[in-house]
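Asks: sharing a model prediction with you, sequence too.
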Amino acid sequence: MRVKAIILDLDNTIYPVNAIGDKLFKSLFLLIEQSGEFKGDIKEIRGHIMRHPFQVVAHDFSFSDQLITDCLQLLSDLTYEDKMEPFEGYETLRNIPCKKYLVTTGFTKLQHSKIRQLGIVNDFEVVFVVDPSKSILTKKDIFKKILSDNYYNPEDVLVVGDDLHSEIKAAKELGIGTIVYNHNEEQPEAKSERAIHSFKDISPYLN
């Protein structure tokens, strides 16, 4: 096996956000809707929050400064404490004999609570939470750190994630190979990318 390390995203890559999103973000959706301080459709905002970092959604839908402040206060202390399950096929990933790193964007307490509820922390050498509310670091910065700290060449590493404009873009800029996790073919724009629908399909990309 040529690949020495796999870097993975969390949300919509290891587990489906829509499985917990309505319950997890109930208070957030209510806060946004009651404020009225945004542009666009609340249903569309709900969908985007399931797939993109909050800061991106707030910008794209022109949240007011006050609404952003209120949402950040709510999200900074939010956790998820109910049972969670990874996508079917995750065991295939778990059993691949190479080092794995988890790099996820989100609020620190919330991301760590999801990792805990999924029971996956021991599957990774290191877990990195990129929290835009606390740091200017990006996923690209973390990818560089992983390469540097472990003396990996870009061709030694594979990045797997669902976001073409986040981890996939960052990896490509560094010359790292990528796979889009396109569960249920939810992203038509991924058709031109190397993509899988399940971790059961990943083995051809490891050589």
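Replies: Thanks, I have the structure now. Residues are numbered from 1 along each chain as shown.
Asks: please count neighbours and contacts with C-alpha atoms only from this point.
Replies: OK.
Asks: neighbours of Lys134, how many?
Replies: Neighbours of Lys134 under the rule other C-alpha atoms under 10 Å: 10.
Asks: helices or strands up against the lengthiest strand in the chain?
Replies: Using DSSP state E to define each element, the chain has its longest strand at strand 99-105. Under the contact criterion of 3 or more C-alpha pairs under 8 Å, 6 or more residues apart in numbering; DSSP states H and E, strand 99-105 touches strand 5-8, strand 126-130, helix 139-150.
Asks: what sits up against it?
Replies: For strand 99-105, the external contacting residues (C-alpha atoms under 8 Å, 6 or more residues apart in numbering) are 4-11, 53, 111, 123-132, 139, 142.
Asks: could you dump the helices and strands packed on strand 99-105 to CSV with mean neighbour count, distance to Gln73 and mean pLDDT?
Replies: Putting the helices and strands packed on strand 99-105 into CSV (neighbours: other C-alpha atoms under 10 Å; distance: least, C-alpha to C-alpha, whole Å; pLDDT from 0 to 100) gives the following:
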stretch, mean neighbour count, distance to Gln73, mean pLDDT
strand 5-8, 22, 28, 98
strand 126-130, 18, 17, 98
helix 139-150, 15, 23, 98
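Asks: quick revisit: check which element follows the longest strand of the chain along the chain.
Replies: The element immediately downstream of strand 99-105 (helix or strand, assigned by DSSP states H and E) is helix 108-118.
Asks: which elements pack onto that following helix?
Replies: In terms of contacts (3+ C-alpha pairs under 8 Å, 6+ apart), helix 108-118 is packed against helix 65-76, strand 126-130.
Asks: now the angle from the longest strand of the chain to strand 126-130?
Replies: For strand 99-105 against strand 126-130, the angle between stretch directions is 20 degrees (axes from the mean of the first three to the mean of the last three C-alpha atoms, to 10 degrees).
Asks: how far off centre is strand 99-105?
Replies: Offset of strand 99-105 from its chain centre (C-alpha atoms, centre = their mean, to the nearest Å): 9 Å.
Asks: and Ser166, what are its phi and psi?
Replies: Main-chain dihedrals, Ser166, degrees, to the nearest 10: phi -120, psi -100.
Asks: got a pLDDT number for it?
Replies: Predicted confidence (pLDDT) for Ser166: 94.
Asks: need the nearest residue in space to it, chain neighbours excluded.
Replies: Spatial nearest neighbour of Ser166, chain neighbours left out: Lys139 (7.4 Å); criterion: C-alpha to C-alpha, 6 or more residues apart in numbering.
Asks: quick check: the one you found touching Pro132?
Replies: No. Between Lys139 and Pro132 there is no contact under C-alpha atoms under 8 Å: 10.4 Å.
Asks: tell me how far the closest residue to Phe199 other than its chain neighbours lies from Lys83.
Replies: Once flanking residues are discounted, Phe199 sits nearest to Gly89: 5.2 Å by C-alpha to C-alpha, 6+ apart. Using C-alpha to C-alpha, to the nearest Å, Gly89 is found at 18 Å from Lys83.
Asks: tell me which of those two has more neighbours.
Replies: Per other C-alpha under 10 Å, whichever of Gly89 and Lys83 has more neighbours is Gly89, with 15 against 11.
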